[in-house]
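Participant: Sequence first, then the predicted structure, then my questions.
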Amino acid sequence: MNQKSTPLSVDVAIGITCRRHPETRAYQVLISRRAKNGVLGGLWEFPGGKLEAGESAQQCAVRELREELGIEVKPTTPLSPIAHQYEHAHVTLHPFYCELISGEPTAIEVDDWAWVEVKELDEYPFPPANAALLEQVQVDLRG
Ligand SMILES: Nc1nc2c([nH]c(=O)n2[C@H]2C[C@H](O)[C@@H](COP(=O)(O)OP(=O)(O)OP(=O)(O)O)O2)c(=O)[nH]1
Ligand SMILES: [Mg+2]
């Protein structure tokens, strides 16, 4: 079968883990960098991944942040899903604001990670699907 004629639809849960900088109290979010050699290689993103069978988006976000970064998070608030047509797939992102419960981020399945101040997010290249979401985060977490 011609693979290009097979529409691939994926649901992806992502965690936007927030904290206040220990000293400045400015809001920061946890981002990670995708492997250089894969799809959307080298771009920054909110950690997360594809839903597995029988899993809720919320459960998926918790599992992915554990697998990719070794942290335990608690999803607090869901954001509206975002659909985006890439060449490789039709992706629907299911974002959740999360609270860090325990653990120190570790680059287990990501190339790198960073706590970034919300107003500095523009300096990091993200996948095209994230544009509106980044604006939303900047509105929600300003100040
Ligand atoms: N995690 C994440 N994925 C995103 C974001 N924005 C965005 O367009 N994507 C896309 C890229 C991919 O096509 C898809 C996520 O798939 P992935 O390959 O990272 O999934 P995964 O973690 O389950 O990885 P794998 O085990 O399949 O390798 O969603 C984002 O902010 N975070
Ligand atoms: Mg992933």
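Facilitator: Yes, it's here. Ligands and ions are numbered 1, 2, ... in the order given.
Participant: pLDDT wise, what is the closest residue to Ser102 other than its chain neighbours at?
Facilitator: Among residues not flanking Ser102 along the chain, Glu72 sits closest, at 4.7 Å (CB to CB, 6 or more residues apart in numbering). From N, CA and C alone the C-beta is placed, and that goes for glycine too. Note on Glu72: pLDDT of 98.
Participant: surely Glu72 meets Arg63?
Facilitator: No. Glu72 is beyond contact range of Arg63, at 10.6 Å (criterion: CB atoms under 8 Å).
Participant: which residues touch the closest residue to Val116 other than its chain neighbours?
Facilitator: The shortest distance from Val116 to any non-neighbouring residue, by CB to CB, 6+ apart, is to Ile31 (5.6 Å). With contact taken as CB atoms under 8 Å, 6 or more residues apart in numbering, Ile31 is in contact with Trp44, Glu45, Phe46, Pro47, Trp113, Ala114, Val116, Leu121, Tyr124.
Participant: quick one: secondary structure of Ile31?
Facilitator: Three-state call for Ile31 (DSSP: H, G, I helix; E, B strand; the rest coil): strand.
Participant: what does Pro22 give?
Facilitator: Pro22 - assigned by three-state DSSP - is coil.
Participant: Neighbours of it, how many?
Facilitator: 8 (other CB atoms under 10 Å).
Participant: Drop anything exposed from the contacts of Ile31.
Facilitator: The neighbour count (16 or more other CB atoms under 10 Å) marks Trp44, Glu45, Phe46, Pro47, Trp113, Val116, Leu121 as buried among the contacts of Ile31.
Participant: which residues touch the residue nearest to Ser102?
Facilitator: Counted by CB under 8 Å, 6+ apart, Glu72 has contacts Val62, Leu65, Arg66, Leu100, Ile101, Ser102, Gly103.
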